[in-house]
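Colleague: when you get a sec, could you give me coordinates for this:
(one chain, ligands or ions: 1)
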Amino acid sequence: MSDLHTLSEIILEDVNLNFVEKDIYSVYSIGDSPGAYDGIGASTIYDRVACNRFYNCLMWGYSIKEYATLCEDRLASSSEGWVLDLACGSLAFTSEIYANCSNRPVVFLDQSLNLLRKGKSRLEKLKGSISENMFFLHADALRLPFKDNIFNTVISLNLLHCIDDVKTALKEIKRVLTDGGNSAITTLVQSNRWSNRYLSMLAGPGALFSRSFDELLYTFNDLEMQVTHKIQGNLAFIKYR
Ligand SMILES: C[S@@+](CC[C@H](N)C(=O)[O-])C[C@H]1O[C@@H](n2cnc3c(N)ncnc32)[C@H](O)[C@@H]1O
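Modeller: Residues are numbered from 1 along each chain as shown. Just a heads-up that it's a prediction; the model follows:
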């Protein structure tokens, strides 16, 4: 079971953590869940459809295996130090990698309690129980409840295309990273594939935000975050340090 005392050490002093259930804590009042994925059926549709390997391969032109490789690479980038999985969702792509990570403390943060519960249950199935150095935290990526310079690694898969205010999210990542820390980010971007039209269609009613990689790069540069990247289909894989 997660050790609350360990988690408290990295949390800002003016933030109260509420106990939701074993291994899950929240910065919100109990019963409060502002996450869009907590609407009826939304987390199930996300988990079953949007995380499906055929859907991602056909629609967005990349292989979901890339997530495991990226996550494994970042976890191996240091033998110690805190890891933040920012907007972890249900750990649909990475639970097996985390199940084998025993040396580094990890915070899985998301604004959807339903997806955090699914993620926790995935990890429990693989590991038997949640280790004392793993924490599920219900909180806002735009207002991280952590002290500065805490995480050696921040992994954030597919958050940026879900939020309008990318600059604040990136500022927060930069703030909570240690000086030598590193981050890996993925996000859907426009490409010259046919699926651009589908991306715009989803962006219309606000299901996600359609951006070019250059738009994102402008924000990284503005924040003096020098990044490297590759693009596969509509997915940008971005590394900061
Ligand atoms: C497209 S899903 C990606 C989930 C997971 N990382 C993955 O790749 O499967 C986007 C996630 O961002 C979360 N999210 C959206 N806005 C958020 C915010 N402001 N703070 C924290 N999480 C947020 C959603 O709840 C959802 O789990």
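
Colleague: against residue 196, how distant is residue 93?
Modeller: From residue 93 over to residue 196 the distance is 23 Å, taken as CB to CB, to the nearest Å. In short, each C-beta sits where N, CA and C put it, glycine included.

Colleague: need the per-residue pLDDT for the residue of the chain at minimum distance from the ligand.
Modeller: With CB to the nearest ligand atom, the shortest gap between the chain and the ligand falls at residue 89, namely 2.5 Å. On the pLDDT scale, residue 89 is placed at 96.

Colleague: and it, how far is that from residue 23?
Modeller: 16 Å.

Colleague: phi and psi next, for the residue in the chain sticking out farthest from the centre.
Modeller: The outermost residue of the chain relative to its centre, with distances by CA atoms, centre = their mean, is residue 194 at 26.8 Å. Dihedral pair for residue 194: phi -60, psi -30, per degrees, to the nearest 10.

Colleague: kindly report the same for residue 57.
Modeller: phi -70, psi -50.

Colleague: repeat for residue 178
Modeller: The phi/psi pair for residue 178 (degrees, to the nearest 10) is phi -70, psi 170.

Colleague: rewinding a little: ok, residue 89 and residue 23, which is more surrounded?
Modeller: residue 89 (26 against 22; other CB atoms under 10 Å).

Colleague: and that one, helix, strand or coil?
Modeller: With DSSP: H, G, I helix; E, B strand; the rest coil as the basis, residue 89 sits in coil.
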